[in-house]
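Student: below is the structure, and that's it, no one-letter string:
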C-alpha cells in the first residue's frame, strides 16, 4: 500500500482533532479554520513527462520492461518531495514544481547500475526513493533539468541471516515492519523503531543515519551497519568485511548519511539481536526538565541503561504530546512537571534486574514512579505523532518538528536558545507559537533534543515558517549543537551543514562525489551544494 499522497501514512488511521482541541487552538494560538478545502489528487495539474521515447525505452530495457517505468500523474505526484510540513502544504496547494519526469522501479543491483548508465548517457538526474519519509528536503534535488525517482520497493528481500555471527543482509527497499517480521522468523530483531518505522525502509535508514526510539538499548542504525553495497555511475563500491578493522578509514562512514548523493545503496548487512522475551514500559515524573535531564544523564553515563529513555519538558507534558493518541481524550491526564518514558526489553531476568537498578537511580534523582500506564500508552501510540500533525494542518494550525544534539554540558543552553529563537521569530510574524521539546536519545556524552512547534498558519504558511526555521538553525550552531541528529541534511539543512563541516571538510566530500558521480547525476543539491 502507498502512503497518503497529501499526508502521512495510512489514510484509514487519520482522525480529525476533537472539538476541545480545536477550541484550545483557537483560544490559545488564534488558529482559524482553513479558508478552502485542499485539492484532490485528480485536481492537480501535472505536465506530461519531458522524457522522449528513446530515453523511456532505454530506461525500460534497464529494468526489464515498460511496466517498471511509470509516467502517470498519480505515481509521479506520490514521488514528489517528502513529508515535512512545507512539503505537504505545497503539494496540497497543487505545487508540483519538483515532480519527477518518471518513476523507475529496479529489481536489483545490476538494474540500478544499468539505470545509472542510462541517466549518464542522457544527462538525466536520479533520486533514490525508499519510503518517501524525508522531512528535510531530501527528495527535492536542485532544479537542473528533469530527474527520475528510483523507487526501490522491488528490492525488498531478506537476503541472508548468519545466526552464528548474528548478522543479516537486507535489500534497501525492505520496509521496517516487514524486515522485523522476516527477522522474527529466525528469532532475531533489528531493534530499530523510529517514528517513521511503519513506512521507512532499510536503505533510507542507512542513507540518513536514522536513530530509533529504542536507541538507548539497541543503538543508532549507523552503529548496526557492518557492511553495504553502493551502486554509483562509476561502478560498485563494497565496504565492510569484518565487524571492526584498522585497514584505513572506514569507508562505510562515507556512505552512511550520504542521502543518495554518492550512490544508491543496494544492500545492507546489519547486526541483529535475539528477539526480546519481555517488554516493560513505564512512566516517571520529575519536578522539572533540569531534574529529569540530570536523571537521564546519570543512567546514560553510569548505568544501568534502559532500552528506551526519553523525557518531555513541562510544556510537552502538560499538553500530553508524550502520548499523542490521548490528546483531547478522557484518558489524557496532563499534570505538572515532566514525564519520562523508560522501557526495558530482553530476557525476564535481565529486564527485571536492570529495571530494579534503574528505578533506584531514578528515585535517587528525584523521580516519582507513575506506573506502567504512561509507558504502555506511549508504546501503543509511538507512531501516531505524524497523524496528529496532519490533523493539526487540517484544522488550520501549523505544526512542524526539528531536532539537534549536543554534549550534556551544552544541552541547557541549546534548549533555551532554540526555544527563544522559535518563539521570537513566530511571534514577530504575528503567529505566537507553542514550543515543546523532549530528549529523544541519550548517550554517555550527550543527548538529542526534539522540538515540536504549533502556531497559526498565517497568510502564507510556508513563507511564515522559513524565517523561524532559519532562526532555529542559527541558534543550534551558535549554541554548539549539530544541525541534524537523525533527520539528515537534505536541502533544508545543507547551508548550515556546510558551516558545521567547514570549508575543507566539504571540499573533501565534494571530491568523493566527483569521483563516484562526476556528472552530478545523483540527488544534486542534497547534502552538498552543487558545483
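Tutor: Now that the structure is in, tell me what you want to look at. Since this is a predicted model, take the numbers as computed values, not measurements.
Student: which stretches of the stretch 301-450 of the chain form helices?
Tutor: Listed from the start of the chain, the stretch 301-450 of the chain has helices (DSSP state H, counting those that start in this stretch) covering 314-319, 348-364, 373-380, 385-394, 411-428.
Student: please list the outside residues in contact with the fourth one.
Tutor: To tie it back to what came earlier, the one meant is helix 385-394. Residues outside helix 385-394 that contact it (C-beta atoms under 8 Å, 6 or more residues apart in numbering): 4, 7-9, 13-17, 25, 34, 83, 85, 88-89, 92, 195-196, 321, 324, 327, 398-401, 452, 454. Where you see a C-beta, it was placed from the backbone N, CA and C, and this is true even at glycine.
Student: of the residues you listed, grab the buried ones for PyMOL.
Tutor: Command for PyMOL, covering only those of the contacts of helix 385-394 found buried under the criterion 16 or more other C-beta atoms under 10 Å:
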select buried, resi 4+7+8+9+14+17+25+83+85+88+89+92+195+196+321+324+327+398+399+400+401+452+454
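Student: residues touching residue 51, list them.
Tutor: Contacts for residue 51 (C-beta under 8 Å, 6+ apart) come out as 59, 71, 101-102, 124, 146, 148.
Student: wasn't it part of a helix?
Tutor: No - secondary structure of residue 51 (DSSP: H, G, I helix; E, B strand; the rest coil): coil, not part of a helix.
Student: contacting residues for residue 173?
Tutor: Contact criterion C-beta under 8 Å, 6+ apart gives 130, 151-156, 201-203 as the residues in contact with residue 173.
Student: and which of the residues you listed is nearest residue 225?
Tutor: Within the contacts of residue 173, the smallest distance to residue 225 is 9.7 Å, found for residue 202 (C-beta to C-beta).
Student: residue 172 is in contact with the closest one, correct?
Tutor: Yes - checked against C-beta atoms under 8 Å, the pair residue 202 and residue 172 is within contact range at 5.5 Å.
Student: which one's more surrounded, those two?
Tutor: It is residue 202, of residue 202 and residue 172, that has more neighbours when counted by other C-beta atoms under 10 Å, with 33 against 26.
Student: can you count the residues close to residue 308?
Tutor: Applying the criterion other C-beta under 10 Å, we find 26 residues in the vicinity of residue 308.
Student: thinking again about what came up before, among the contacts of helix 385-394, which ones are in strands?
Tutor: Where those overlap with strands, as defined by DSSP state E, the overlap consists of 398-401, 452, 454.
Student: save these as JSON lines, and put in distance to residue 21 and pLDDT too.
Tutor: Formatted as JSON lines, those follow (distance: C-beta to C-beta, whole Å; pLDDT from 0 to 100):
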{"residue": "398", "distance to residue 21": "15", "pLDDT": "96"}
{"residue": "399", "distance to residue 21": "12", "pLDDT": "97"}
{"residue": "400", "distance to residue 21": "17", "pLDDT": "97"}
{"residue": "401", "distance to residue 21": "18", "pLDDT": "98"}
{"residue": "452", "distance to residue 21": "14", "pLDDT": "97"}
{"residue": "454", "distance to residue 21": "11", "pLDDT": "97"}
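Student: what's the span of stretch 6-13, first residue to last?
Tutor: In terms of C-alpha to C-alpha, to the nearest Å, the two terminal residues of stretch 6-13 are separated by 14 Å.
Student: pLDDT (mean, whole number) over it?
Tutor: For stretch 6-13, mean pLDDT is 91.
Student: which other residues reach that stretch?
Tutor: The contact list for stretch 6-13 (C-beta under 8 Å, 6+ apart) reads 1, 3-4, 14, 38, 41, 83, 88, 91-92, 198-199, 386-387, 389-390, 393.
Student: which among the residues you listed end up buried?
Tutor: 3-4, 14, 38, 83, 88, 91-92, 198-199, 386-387, 389-390, 393.
Student: and the two most separated of those?
Tutor: Spatially, the most separated pair among the buried ones among the contacts of stretch 6-13 is 38 and 198, at 22.9 Å (C-beta to C-beta).
Student: circling back to that earlier point, overlap in contacts of residue 202 and residue 172?
Tutor: In contact with both residue 202 and residue 172: 130, 268, using C-beta under 8 Å, 6+ apart.
Student: check pLDDT for the buried ones among the contacts of stretch 6-13 and point me to the minimum.
Tutor: Within the set of those, pLDDT is lowest for residue 38 (78).
Student: from residue 459, how far off is that one?
Tutor: With distances taken as C-beta to C-beta, to the nearest Å, residue 38 is found 17 Å from residue 459.
Student: next one: residue 74
Tutor: When C-beta to C-beta is the yardstick, residue 74 and residue 459 sit 30 Å from each other.
Student: number of residues surrounding residue 460?
Tutor: The burial count assigned to residue 460 is 10, neighbours taken as other C-beta under 10 Å.
Student: now do residue 86
Tutor: Under the neighbour criterion other C-beta under 10 Å, residue 86 is assigned a count of 20.
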